[in-house]
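Undergrad: Mind looking at a prediction? Sequence and model below.
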Amino acid sequence: MIFLDANAFYSYIGRCNLGLIESTHVNEAKLSKYLDSIREKSLPTSVFIEIMVHFRDDSSRLREILEFRLRKGLPLFNNIPDYCISEDEITCIYFMDDFSLKKYAYKLLDEKIGVESRFAYLFYEITKNLYLEYRLEEIGDFTEKEEKGVWNFLGRKEAREEGNTIIEVFKDVLKTGYEQDKEQNFLKTKYIDKLNEACQIIDVILAGCIACRDEGSDIIEAIQAAYDESVTRGFDGINGTMPGLVTQLQSNTVFLEQAKTKISGMFQKHHYNKFQTEYLRNVMFTAWYDRGQKLKKNDIFDMMCAGCLGYVRPIRPGESVLTNTESYIISFDSTMEKYIDSVRSANTAIIQKFKNA
């Protein structure tokens, strides 16, 4: 099965036909000829949503995209664990008038914002708790009971009481961002603000716990000193929270690598396949915790798309068991291309066929 990401789909239909800038490094004619010759090709639901949202205010382009998909025989492949588009829903779309079609595209925008805000919160929780675990290990002299108390307060209690609130905050900034075509920057800024605040609270509360335990310590003074030190670590909201966080985590690379593996495993237990968890670990976590890169919203849907590599077509009656039933993704995104090459080099050979010299 051949899956297309958004940019590959745009090149298939013709970027100029959609009012997009033509790509100089993709041979659209070769790509179109190849895909027309392939019967088993599909559009992931995550990609379909991206495309519909991008053109949500242009009903004529939306209709052109839908008709092209139907004409070329591109069925949807549901690859978002908690959202599914049925065949009945797809059938109804073709009978919509322009107003209803745009309204449907905005419904998909709401779904996209929902997915992005939930994942942003999840990544916030992961990063915050990773920092808390690192700090507890760095301090090293809390009793098991004291550590449990810290986790109950800073980890589980906050997640229960503040989780939905933070998700709504991320939803609000994304809605505003999409209205102004600045959704990436808006989410990134708010995400870092919340993470910055969480890391400061961790530093201050841990210092307060130590001061309470140690006789003769001035709690207020300890908290103030911890806050000042937290700011110098980089959690100042100005000079960049992620570089400050990376500086701390990179001082214990064994802990960091173990944490990456552990977190990736948690996603696999929640029905994300190995290609999605590897994308999380090798692309997203590496960018955040090794290079200090801030959250990139588009990585969330790219991670979903990467999961299509896990689809294995069933053997048909009469086919040899040696038949290649693996899936491939055509993508011209540099990050996705590097990831694909690292997990399925034969896929890279397919992509290279359509690159201009």
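TA: Great, that's in hand.
Undergrad: Quick one: mean pLDDT over stretch 1-18.
TA: In this model, stretch 1-18 has an average pLDDT of 94.
Undergrad: buried sites along it?
TA: Neighbour-count burial for stretch 1-18, counted by 16 or more other C-beta atoms under 10 Å, picks out 1-13, 15, 18. Glycine gets a C-beta too; all of them are placed from N, C-alpha and C.
Undergrad: next helix or strand past the longest helix anywhere in the chain?
TA: Selection of the longest helix in the chain by residue count, based on DSSP state H, yields helix 98-139. Helices and strands here follow DSSP states H and E; after helix 98-139, the next one along the chain is helix 144-150.
Undergrad: neighbouring contacts of that following helix?
TA: Leu132, Leu136, Phe142, Ile205, Leu206, Cys209, Arg213 (C-beta atoms under 8 Å, 6 or more residues apart in numbering).
Undergrad: switch the cut-off to 6 Å
TA: Leu136 (C-beta atoms under 6 Å, 6 or more residues apart in numbering).
Undergrad: Show me what the following helix or strand past it is packed up against.
TA: Following helix 144-150 in sequence order, the next helix or strand is helix 158-179 (DSSP H and E). Contacting helix 158-179 under the criterion 3 or more C-beta pairs under 6 Å, 6 or more residues apart in numbering; DSSP states H and E are the following elements: helix 98-139, helix 183-213.
Undergrad: Please point out which parts of helix 158-179 sit buried.
TA: Glu158, Ile166, Ile167, Val169, Phe170, Lys171, Val173, Leu174, Gly177, Tyr178.
Undergrad: ok, so of these, who is nearest Ile223?
TA: When these are ranked by distance to Ile223 (C-beta to C-beta), Glu158 comes first, at 18.2 Å.
Undergrad: Tell me where the stretch 51-200 of the chain is predicted with low confidence.
TA: 157 (pLDDT under 70).
Undergrad: So which of the buried residues of stretch 1-18 sit within strands?
TA: Using DSSP state E, Ile2, Phe3, Leu4 are the members of these that sit in strands.
Undergrad: Show me how far stretch 42-52 is from its chain's centre.
TA: Offset of stretch 42-52 from its chain centre (C-alpha atoms, centre = their mean, to the nearest Å): 15 Å.
Undergrad: Many thanks, have a good one.
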